[in-house]
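Enquirer: predicted model follows, preceded by the sequence.
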Amino acid sequence: MSLYINKPCQKSGITKCNSAASTTTTSSDLIPRDILFGNPEYASPSLSPDGTYLSYIAPSPSLGVLNVFVRRVVDPADTARMITADESRGIRRAFWAEDSRTMLYLQDFEGDENFHLWAVDVTNTDGGAKARDLTPGDGVKAQNVISNKRFPDEILVGTNKRDPKAFDMYRCNYATGELTLDTKNPGDVVGWGSEDSSFQIREAVVRNQKDSSTTVRIRDSDEGEWRDLITFPYGENGGLVDFCMDGTSCWMQSSLGRETTALIRIDLKTGDTIEEVSSNDTCNCGGITLDQDTKKVRAVSYNYARLERVFFDKELEKDYEVLQSLGPEGAEVGVSSRTRDETLWVVNYRRSDGPTEFVLYDQVQKKTTPLFVSKPKLLDYKFATMEDVRITARDGLELVGYLTRARADNVKTPLILLVHGGPWARDSWGFNPTAQWFANRGYATLQVNYRGSTGFGKTFLHKGDKQWGVGDMQHDLTDSVKWAIDQGIAEEDKICIYGGSYGGYACLAGMTFTPGLYACGVDIVGPSNIKTLLDSIPPYWGPLRNGMLLKIGDVDADEQFNRKISPLYHVDNIKAPLLIGQGANDPRVKQAEADQIAFSMQDKGIPVEYVLYPDEGHGFVRPNNKIDFNGRAEIFLAKHLGGRAEEFVRPEGATAVFPLETRSV
């Protein structure tokens, strides 16, 4: 059963769900920013391993801050209890312990990314349960959390308490909070893995500081000697997926000897390939589904432009066929959670023109029951479909992009080039509230997987090496804009470049290195000087720094190269207005990166607006701040591109400050 039926309009004073004009791809009314960017009403549903409880993340009744709620699966929806008590940034990652009574979650402080692991007993119904910090300490970060159904009373977790630059693995009894050092980091390990039947740390992922190769080390027991299993030289991709139950082999992803990563099985003694199980010539392996008892491969997913799966388990394939037939037309099917016996699933339906729908799937009866929609208020509006497109760069390289149009009649509109961060990440198909917001205001949105994006094979990834700013990575963005102009999609003189993190850098690079192309730009937490960016990264990024230099270019040794690619040194080239947004607690791109370019532009009389949020980090998480910045951006875009704008009213609780106004010159 699908919740996406022809839902009648819900009217309250105005008609929200009115039939949009035939020329627009979204509702003709302005879709409110708080509807688009407010907290989801339901997120991250998960079943306890024994199937007794359903958890999800939702806004607290009093403050609207995201917290964890739990109810028994068989009980009505209105019986859910809030079991956490966050009052600030909200909780965004929560998961069940294997005892089915403990909820674990990660939380940082005001965006500093020093996440601690917390535990709360969900069975305490008298309001007396309090969350316990399992990884306490100032400046401590927890990561690499591993649970195991065979050991339901403990977890493995990595922290950098001993050494800020390295993560040791601890064994934690989450009922008592006892934390015992399990495996000490020798200094070069960037990730750990366990073997399932013993729940011992048997895998270490090592980064070589000299050549940035990655080696997978293994051992036969927690007292055994470590040995190198396989090494991926810089430029290759791969990693251990899981140990096989035969005790002599493991599943591995590897690009060695091929363009994209393949799923292979290798010998634990020799590192030799035993068999290649699955691969795709256009993109890397994605998600891999294993049988949790036998470790046999059940399915492998791939995503070049859209998600697809290769099945090795006929029963699982049948389940997905049933789920596809029961869901909204054109939606992508995903599994959010399963019980330990896999008889009950939480399934998500993801589409590009509406919010995510969650259902419960009875795997035995092959039936679904509606659960909830992530943002039900979005159902009152019409949204645009996202098109996956192919763009040919100037050197012939094919780029996968996603286009969200503002009009359905092929009339040109202003265009926003929305650049993803990373840059070692990618854009994917699906509902994007930012693209829908732009479309509703009258702007087409183009998202491009420029070279250097991940998932498209090793050559595509490393074609981005040393190509920041004035090189081919930026050329791909320029070529994509010209493609949109040539296709009759974009008005040539009304184009904005907009992005966060690396996308913010790309905005600054576009404004400085191709100043005639853009009418305006919006930079969110983007670096302006690559040398100062790398000099201020968190200590635990230290083992990754050399690899970043190989990808970006050696800004340590070559000052001229750094000046060449850093927008800060080319501020005089900027011809169009710029809006900057920054979080004061950002541990990756420090506030100084925004300060220095904004102050330089102000000193030179170049139009710039700068908004700083004292309680945010690398991006804006608190809805009132997100809505505040987007409101300011909407006015900025309307002024410079000519689109529509909802009236701006500063949201209650927003913390925006304006350094250009308070700066002492």
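Expert: Arrived safely. Residues are numbered from 1 along each chain as shown.

Enquirer: packing partners of the top helix by length along the chain?
Expert: Criterion DSSP state H: the longest helix present in the chain is helix 623-641. Judged by 3 or more Cβ pairs under 8 Å, 6 or more residues apart in numbering; DSSP states H and E, the packing partners of helix 623-641 are helix 33-37, strand 413-419, helix 433-441, strand 490-500, strand 520-524, strand 578-583, strand 608-613. Every residue, glycine included, has its C-beta placed from N, CA and C.

Enquirer: how distant is whatever helix or strand comes next after the longest one from the center of its chain?
Expert: Meaning strand 490-500. Next in sequence after strand 490-500, counting helices and strands by DSSP states H and E, comes helix 502-513. The chain centroid and the centroid of helix 502-513 are separated by 21 Å under Cα atoms, centre = their mean, to the nearest Å.

Enquirer: show the pLDDT at the closest residue to Asp427 other than its chain neighbours.
Expert: Residue nearest to Asp427 in three dimensions, not counting chain neighbours: Gln447, with 4.3 Å by Cβ to Cβ, 6 or more residues apart in numbering. Per-residue pLDDT puts Gln447 at 98.

Enquirer: is Gln447 in a bridge, and if so with what?
Expert: Beta bridges link Gln447 to Tyr402 when assigned by DSSP bridges.

Enquirer: for Tyr610, which non-adjacent residue is closest in space?
Expert: Sequence neighbours aside, Ala598 is the residue nearest to Tyr610 in space, at 4.1 Å (criterion: Cβ to Cβ, 6+ apart).

Enquirer: quick check: angle from whichever strand or helix holds the one you found to helix 502-513?
Expert: Using DSSP H and E, the element containing Ala598 is helix 591-603. Comparing the axes of helix 591-603 and helix 502-513 via axes from the mean of the first three to the mean of the last three Cα atoms, to 10 degrees yields an angle of 30 degrees.

Enquirer: quick one on the thing from earlier: chain center to the longest helix of the chain: distance?
Expert: The chain centre lies 22 Å from the centre of helix 623-641; the measure is Cα atoms, centre = their mean.

Enquirer: list the buried residues in it.
Expert: Applying a neighbour-count criterion of 16 or more other Cβ atoms under 10 Å, one finds 623-638, 640-641 buried in helix 623-641.

Enquirer: next secondary structure element downstream of it?
Expert: Counting by DSSP H and E, the next helix or strand C-terminal to helix 623-641 is helix 659-662.

Enquirer: thought Met386 was touching Gly430?
Expert: Yes. Proximity of Met386 to Gly430 meets the contact threshold set by Cβ atoms under 8 Å, at 7.1 Å.

Enquirer: so between these two, which is more surrounded?
Expert: Met386 (24 against 17; other Cβ atoms under 10 Å).

Enquirer: what's near enough to touch that one?
Expert: Residues in contact with Met386 (Cβ atoms under 8 Å, 6 or more residues apart in numbering) are Ser352, Asp353, Tyr402, Leu403, Thr404, Trp429, Gly430, Phe431, Asn432, Ala435.

Enquirer: over to it: give its phi and psi.
Expert: Note on Met386: its backbone torsions stand at phi -90, psi 130 [degrees, to the nearest 10].

Enquirer: for it, list each beta-bridge partner.
Expert: On the basis of DSSP bridges, Met386 is bridged to Thr404.

Enquirer: tell me where the model's unsure across the stretch 551-665 of the chain.
Expert: Low-confidence segments of the stretch 551-665 of the chain, defined by pLDDT under 70: 665.

Enquirer: Leu378: what secondary structure?
Expert: With DSSP: H, G, I helix; E, B strand; the rest coil as the basis, Leu378 sits in helix.

Enquirer: can you pull the pLDDT of the spatially closest residue to it that is not a sequence neighbour?
Expert: Leaving aside its sequence neighbours, Leu378 sits nearest to Pro355 (Cβ to Cβ, 6+ apart; 4.5 Å). Reading off the confidence values, Pro355 has pLDDT 97.

Enquirer: just Asn410 next, same as before
Expert: On pLDDT, Asn410 comes in at 87.

Enquirer: quick check: it touching Gly488?
Expert: Yes. Counting by Cβ under 8 Å, Gly488 is a contact partner of Asn410 at 6.5 Å.

Enquirer: adding distance to Glu236, write the helices and strands packed on helix 623-641 out as CSV.
Expert: Shown next, in CSV, are the helices and strands packed on helix 623-641 (distance: least, Cβ to Cβ, whole Å):
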stretch, distance to Glu236
helix 33-37, 39
strand 413-419, 27
helix 433-441, 34
strand 490-500, 28
strand 520-524, 32
strand 578-583, 35
strand 608-613, 40
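
Enquirer: can you tell which of these is closest to Trp345?
Expert: helix 433-441 (26.3 Å; Cβ to Cβ).

Enquirer: so how far is stretch 297-305 off the chain centroid?
Expert: Counting by Cα atoms, centre = their mean, stretch 297-305 comes out at 18 Å from the chain centroid.

Enquirer: what sits up against it?
Expert: 251, 263, 277-278, 280, 282-291, 307-313, 316-317, 388, 390, 400, 428-429, 455-456.

Enquirer: so which of those residues belong to helices?
Expert: Short answer: those in helices (DSSP H) are Leu316, Glu317.

Enquirer: can you select the buried ones from the contacts of stretch 297-305 in ChimeraX?
Expert: Remark: buried members of the contacts of stretch 297-305, expressed as a ChimeraX selection using 16+ other Cβ under 10 Å:
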select :251,263,277,278,280,282,283,284,285,286,288,289,290,307,309,310,311,316,388,400,428,429,455,456
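
Enquirer: so which of the contacts of stretch 297-305 belong to strands?
Expert: Applying DSSP state E to the contacts of stretch 297-305, the entries found in strands are 251, 263, 277-278, 285-290, 307-311, 388, 390, 400.

Enquirer: for Phe358, which non-adjacent residue is closest in space?
Expert: Leu371 (4.3 Å).

Enquirer: for the one you found, give me its contacts.
Expert: By Cβ under 8 Å, 6+ apart, the residues touching Leu371 are Tyr42, Pro45, Val346, Phe358, Val359, Leu360.

Enquirer: I'd assumed it was in a helix, is it?
Expert: No. Using three-state DSSP, the secondary structure at Leu371 is strand, not a helix.

Enquirer: what about the nearest residue to Thr79 once chain neighbours are set aside, which SS state?
Expert: Nearest in space to Thr79, with sequence neighbours left out and distances taken as Cβ to Cβ, 6+ apart, is Arg71 at 4.9 Å. What three-state DSSP gives for Arg71 is strand.

Enquirer: surely Arg71 meets Thr52?
Expert: No. Look at Arg71 against Thr52 with Cβ under 8 Å: they stay out of range, at 10.1 Å.

Enquirer: overlap in contacts, those two.
Expert: Joint contacts of Arg71 and Thr52 (Cβ under 8 Å, 6+ apart) do not exist.

Enquirer: does the residue nearest in space to the middle of the chain sit in a helix, a strand or a coil?
Expert: What sits nearest the mean C-alpha location of the chain, by Cα atoms, centre = their mean, is Ala425, with 8.4 Å. Three-state assignment for Ala425 (three-state DSSP): coil.

Enquirer: burial measure for the closest residue to Glu387 other than its chain neighbours, as a count.
Expert: With sequence-adjacent residues excluded and distances taken as Cβ to Cβ, 6+ apart, Glu387 is closest to Leu403, at 4.6 Å. Residue neighbour count, defined by other Cβ under 10 Å, stands at 23 for Leu403.

Enquirer: what residues are up against Leu403?
Expert: Met386, Glu387, Val389, Ala444, Thr445, Leu446, Gln447, Ala484, Ile489.
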